[in-house]
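*Asks:* model this:
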Amino acid sequence: MPLQVMALYFLAQTAGRLSAGLFWRLVVVSVLMVFVRYLGEAQYMHATLAFLIGLVFWLYILGELYFGRMDEAVRSSTGDYLRRGYFWLRLIVTIGWAIYPLGNFLTAFAGMVDDGSLSVAYNLADILNRMAFGIAVLATGVLVSEETRHA
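*Replies:* Next up, the predicted model:
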């Protein structure tokens, strides 16, 4: 997840100058989001509290992607492929990452006991999420480079 956030930051950086502070905030928040969820799942922290803290971190990242400086930089860019690629990558982060809070919700609030099926679902969703993200980054990079070469 932190690597996906970094990839989105560097993609948005091609559209306009973004601060190093924004980069480090996004990296720290994404690492903390993963760490807090781990603490909750490993029962080092109350599962409900870990779920809520992780959800707040995820919403912060989504806020930066949809309403923050990264979104402003990409919206103001002249590259159509960059805007389209950013849209799809942002959508992957929104939908693809939703499996984690959903799993935390099922175990923390719905009383579901993980008999291994939740772990299988996590891993399958994670593989699909990372594959989709990688393909979208590759396609966006290729199309943006073609767009800038022909401009």
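
*Asks:* going forward, measure contacts between C-alpha atoms and count neighbours the same way
*Replies:* OK.

*Asks:* longest helix anywhere in this structure?
*Replies:* Longest helix in the chain, counting residues (DSSP state H): helix 117-150.

*Asks:* helices or strands up against it?
*Replies:* helix 80-96, helix 99-108 (3 or more C-alpha pairs under 8 Å, 6 or more residues apart in numbering; DSSP states H and E).

*Asks:* avg pLDDT for it?
*Replies:* Averaged across helix 117-150, pLDDT comes to 82.

*Asks:* circling back to that earlier point, which one of the helices and strands packed on helix 117-150 has the lowest average pLDDT?
*Replies:* The lowest average pLDDT among these, as it happens, falls on helix 99-108, at a mean of 72.

*Asks:* what helices or strands is that one leaning on?
*Replies:* helix 47-67, helix 117-150.

*Asks:* so which of the helices and strands packed on helix 117-150 is nearest Gly54?
*Replies:* Closest to Gly54 of the helices and strands packed on helix 117-150 is helix 99-108 (C-alpha to C-alpha; 7.8 Å).

*Asks:* how about the CA coordinates for that closest one, as PDB?
*Replies:* Below are the C-alpha coordinates for helix 99-108, written out as PDB (Å, rounded to 0.1, in the frame of the first residue of the first chain):
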ATOM      1  CA  ILE A  99     -11.400  -5.300   1.200                       C
ATOM      2  CA  TYR A 100      -9.200  -4.600   4.200                       C
ATOM      3  CA  PRO A 101     -11.700  -2.400   6.200                       C
ATOM      4  CA  LEU A 102     -14.400  -4.800   5.100                       C
ATOM      5  CA  GLY A 103     -12.500  -7.800   6.600                       C
ATOM      6  CA  ASN A 104     -11.700  -5.800   9.700                       C
ATOM      7  CA  PHE A 105     -15.400  -4.900  10.000                       C
ATOM      8  CA  LEU A 106     -16.500  -8.500   9.700                       C
ATOM      9  CA  THR A 107     -14.100  -9.700  12.400                       C
ATOM     10  CA  ALA A 108     -14.400  -6.700  14.800                       C
END
